[in-house]
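Undergrad: Give me a 3D structure for the following:
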Amino acid sequence: MRVITQHALGGPEVLTIVDAPEPQPLPTEVLVRVKAIGLNPLEALLRSGEFPPLMGRPPFVLGWDISGVVEEGSLTYRFRPGDEVFGMPLFPRAASAYAEVVSAPALHLVRKPASLSHVEAAALPVVGLTAWQGLVDLGGVSEGDRVLVHGGGGGVGHVAIQIAKALGAHVITTASGSKRKLVEGFGADEVIDYTAVDYTEAVRDIDVVLDTIGGDTVERSLEVLRPGGHLVTAVAEGDSEIAAKYEAAGMRFSGIAVDPDPVALRGLVELVEQGRLRVHVQETFPFERVADAHRLLDGGHLQGKLVLTV
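TA: Have a look, this model is predicted:
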């Protein structure tokens with residue numbers, strides 16, 4: 001099989017396609033013939049060395065988001081050969097998903113609904129689980145809550161808007177003016193163009209803020225929360241100093257370290273099947289053009305997700 005590996009940290013050019021033996025599934029694991037691989041900004045940071053290594057020094061194989069077909073898994077009752085599945089196996093441990101074949105714990109996968117293509121399914125797990133765990137598990141969003149999603153046009157953000165709407169929230173999002181129609185299409189009730197308007201002057205009495213941006217956005221969001229409000233961040237989860245400021249102000253502060261979660265994955269599938277959730281793929285790339293895809297990742301300001309097809 002072919003895998004995309006790297007023997008040094010650096011730019012997209014360090015990503016190299018090589019031949020490798022197929023992995024051998026352990027008991028409770030399945031062998032998946034991969035059809036599509038979702039790409040995430042974290043992988044570009046790991047590739048370049050800008051993020052503390054989760055997998056040690058190179059060589060390693062990046063990737064977690066996969067969609068494909070089960071080839072082998074005789075010791076697990078969850079799937080049979082031929083089942084179409086998707087998920088985010090093993091995160092934050094290495095899943096080595098930039099590959100034609102992946103061995104993954106069956107518990108970390110769910111059946112792909114017929115309404116999702118493999119490309120769409122591969123784009124969903126990391127961003128979908130991050131948004132779900134932020135809004136449902138940590139944020140406890142419920143009917144009538146006012147939710148502010150920072151970065152509504154991005155991968156996590158555009159899914160978070162839809163989940164919050166499905167929970168009955170009034171959803172406000174920050175996005176550049178060029179993404180206004182996109183985020184309104186996902187159900188945002190109010191859109192704040194952060195390039196023209198200071199969101200801290202435009203909104204108040206927010207119950208839950210979901211931060212996907214980081215930087216001073218985390219600290220400044222304190223100004224828009226109602227008393228006792230909750231900031232959930234997918235970026236600054238380890239910032240104890242900011243957490244202390246929220247606590248001192250009588251607010252809640254939570255960080256998301258996304259987990260493989262079959263219950264949440266099935267929740268996402270249910271929303272997809274109800275027509276209440278769709279994932280936006282900005283562009284797909286063939287396996288051989290992974291470096292081009294990573295150049296787009298490096299540039300940021302994406303609309304939704306990038307996906308490799310295998």
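Undergrad: Any regions of this protein where pLDDT drops low?
TA: 74-75 (pLDDT under 70).
Undergrad: which SSE is the residue nearest the centre of it in?
TA: Of all residues in the chain, the one closest to the mean position by Cα atoms, centre = their mean is residue 127, 1.9 Å from it. Mapping residue 127 onto the secondary structure by DSSP states H and E places it in helix 125-132.
Undergrad: Residue 296 too?
TA: Using DSSP H and E, residue 296 falls in helix 290-299.
Undergrad: Which neighbouring elements make contact with that helix?
TA: Under the contact definition 3 or more Cβ pairs under 8 Å, 6 or more residues apart in numbering; DSSP states H and E, helix 290-299 sits against strand 29-39, helix 41-48, strand 281-286, strand 305-309. All C-beta spots, glycine's among them, are computed from the backbone N, C-alpha and C.
Undergrad: Just name the most buried of these.
TA: strand 29-39 (a mean of 25; mean count of other Cβ atoms under 10 Å).
Undergrad: Show me what that one packs onto, helices and strands only.
TA: For strand 29-39, the packing partners by 3+ Cβ pairs under 8 Å, 6+ apart come out as strand 65-72, strand 101-105, helix 118-123, helix 125-132, helix 290-299, strand 305-309.
Undergrad: Identify all contacting residues around the third one.
TA: With Cβ atoms under 8 Å, 6 or more residues apart in numbering as the test, helix 118-123 has contacts from 35-38, 65-68, 84, 86, 112-113, 155, 278-281, 284, 304-305, 307, 309.
Undergrad: For it, what is the distance to the chain centroid?
TA: In terms of Cα atoms, centre = their mean, to the nearest Å, the centre of helix 118-123 is set 12 Å apart from its chain centre.
Undergrad: what do you get for the second one?
TA: With Cα atoms, centre = their mean as the basis, strand 101-105 stands 19 Å off its chain's centre.
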